[in-house]
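In: return atomic coordinates for the entry below.
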Amino acid sequence: MDLLLTHGYFLSEDQKELAIMKPYAPLGILYLSSHLKKKGFDVEVYDTTFGSRDDLYAILHNGPPSVIGIYTNLMTRKSVLGIISNARASGWTVVLGGPEPPTYPEQYLNAGAHLIVQGEGECTLEELLIARQRNDMSPGKICGLIYRGENGEVVRTPARPLIPNLDAQPWPDRDQVDINRYIQIWREHHGLGSLSLITARGCPYHCRWCSHATYGNTHRRRSVGAVVDELEAVLGRYHPDMLWIADDVFTIHPGWVLQYACELKRRDIKIPFECITRADRINPKIADALAELNCFRVWIGSESGSQRILDAMQRGVKVEQVREAFRLCQERGIQTGMFLMWGYEGEEISDMEATIELVSTTLPDTFLTTTSYPIKGTPYYDEVADRLSSPLDWAESTDRDLIIRNRRPKEFYTYADHLLRSEVALAKLSRCGQPDFQMAEKLRHEVEEARRGLLSYSWRTDV
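Out: Numbering: from 1, shown residues only. You can find the predicted model right below:
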């Protein structure tokens, strides 16, 4: 074996996901596997989603040791550190990839990683494995790497250009994981089996809190024919009931979406799917195309109902565009999901009220809230860096655990959530033809209680 790929996410340890049970295969490392296999390398994948630490550690211990590549993000930090330790102890060469290691190179190299891949990984790993076969482990000759220099300094080689033609890349190596198990888990918990694919890589927008560590502010789209060929193949082999199109912004190119709809119609392919997009990337033609394509849910990152906060985030979207996008989708029977963020720098109660008003009037089918947290390497992180502290050691924490001094405490945002959900429930009830007056009174009481709680914390801040 030339390379073992894994990713450090253990479903059995994620209590939130165990309650939701909507897992998807790790497409990133499956793309790496297919690329390297095409180049003649012997690659294996250990899918930790359904695996266990003991099984993975046994593989590392039994060997023979080779190279292990570990995809790493902020949520898998602690798991990855354990894998690094066990791999090093068994003589493996440890290579890390993903969005987080390039922003914390000192810490990951101190933890035992030999090399960190920054940016897109396919060609960097290819060159690395070729060099290893030649017994020429001189990382300074390979673009896209971070490593320790002879004097202990952190060295970054020149950035590697992104792959120019995604159509030339093989499809994800789905044979390396148990796709049928993913689909079956979906069916057991939701009645429909789902499978993921991507039509593009990257996002060209500049939201200040969003990480672009892997692809930068770029966007590369696969051709319509290449995407539909893959779709046709996975439908024929795995027979999913629905799809998750995992692009950052699926409808970014209206012309592409319209061509995609025509090609699926020509091949008589119609399968339900959900996707993420932006409010400014929805217009009547695109909404019509999504409905024709059998898109059953569109997720849109509204983040805030306050234009002042959206501008501070550099979202590049107007509140009225959000309203219009939801209206266009809802009129065509497409379910809507909304992402929201509390606590961005400068947010006041009036901004939160604007967010609550937006959700209460657009009434998405579902919405998810988070409290903003700074990811290292983003402009948002740089903006608040001098006010950051962590209650935990780096190895035991994630960027989500960082505390921004002088920001309101967690309880404040808990009340904001309660107020939002009560207001939205009351708005939905009022739209009913025959509203439940007893329930309405209960919800009004919850609204007032949540508002009092919010105001009671409005002047307090974390020290």
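In: hmm, who's touching the one helix or strand Glu423 maps to?
Out: Under the assignment given by DSSP states H and E, the secondary-structure element containing Glu423 is helix 410-430. Applying CB atoms under 8 Å, 6 or more residues apart in numbering, the set of residues contacting helix 410-430 from outside is 340, 342-343, 352, 355-356, 359-361, 363, 367, 369, 371, 435-436, 439-440, 443-444, 446-447, 449-451, 453-454, 457-458, 460. For every residue, glycine as well, the C-beta is placed using N, CA and C.
In: in helices, which of these appear?
Out: Assigned to helices by DSSP state H, the following of those qualify: 352, 355-356, 359-361, 439-440, 443-444, 446-447, 449-451, 453-454, 457.
In: only the buried subset of those residues, as a PyMOL command please.
Out: Here is the PyMOL selection string for the buried members of the ones in helices among the contacts of helix 410-430, based on 16 or more other CB atoms under 10 Å:
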select buried, resi 352+355+356+359+360+443+446+447+450+451+453+454+457
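In: any idea how many residues pack against the closest residue in space to Glu188 that isn't next to it in sequence?
Out: Nearest residue to Glu188 in three dimensions, chain neighbours excluded: Met21, at 7.8 Å (CB to CB, 6 or more residues apart in numbering). When counting by other CB atoms under 10 Å, one arrives at 12 neighbours for Met21.
In: when you give positions from now on, start the count at 362
Out: With 362 as the first residue, the last one maps to Met382.
In: which residues are in contact with Met382?
Out: Applying CB under 8 Å, 6+ apart to Met382 gives the contacts 546-547, 549-551.
In: what do you get for Leu393?
Out: Taking CB under 8 Å, 6+ apart as the test, what Leu393 contacts is 366, 404, 430, 458, 482-483, 486.
In: for Pro384, same thing?
Out: Residues near Pro384 by CB under 8 Å, 6+ apart: 372, 378, 410, 543, 546-547.
In: what do you get for Phe657?
Out: By CB under 8 Å, 6+ apart, the contact set of Phe657 is 603, 633-635, 695-696.
In: could you rerun that using 7 Å?
Out: Residues near Phe657 by CB atoms under 7 Å, 6 or more residues apart in numbering: 633, 635, 695-696.
In: can you confirm Leu689 is in a helix?
Out: Yes: counting by DSSP: H, G, I helix; E, B strand; the rest coil, Leu689 falls inside a helix.
In: what residues are up against it?
Out: Residues near Leu689 by CB under 7 Å, 6+ apart: 643, 645, 648.
In: wait, the last one touches Thr697, no?
Out: No: with contacts counted by CB atoms under 7 Å, Ala648 stays clear of Thr697, the gap being 10.9 Å.
In: what's the overlap in contacts for the two?
Out: Common neighbours of Ala648 and Thr697 (CB under 7 Å, 6+ apart) are Cys690.
In: neighbours of the residue lying closest to Val515 once chain neighbours are set aside, how many?
Out: Leaving aside its sequence neighbours, Val515 sits nearest to Pro466 (CB to CB, 6+ apart; 5.1 Å). Counted by other CB under 10 Å, the residues lying close to Pro466 total 19.
In: quick one on the thing from earlier: and of the contacts of Phe657, the nearest to Leu558?
Out: Glu635 (12.3 Å; CB to CB).
In: this completes my enquiry, with thanks.
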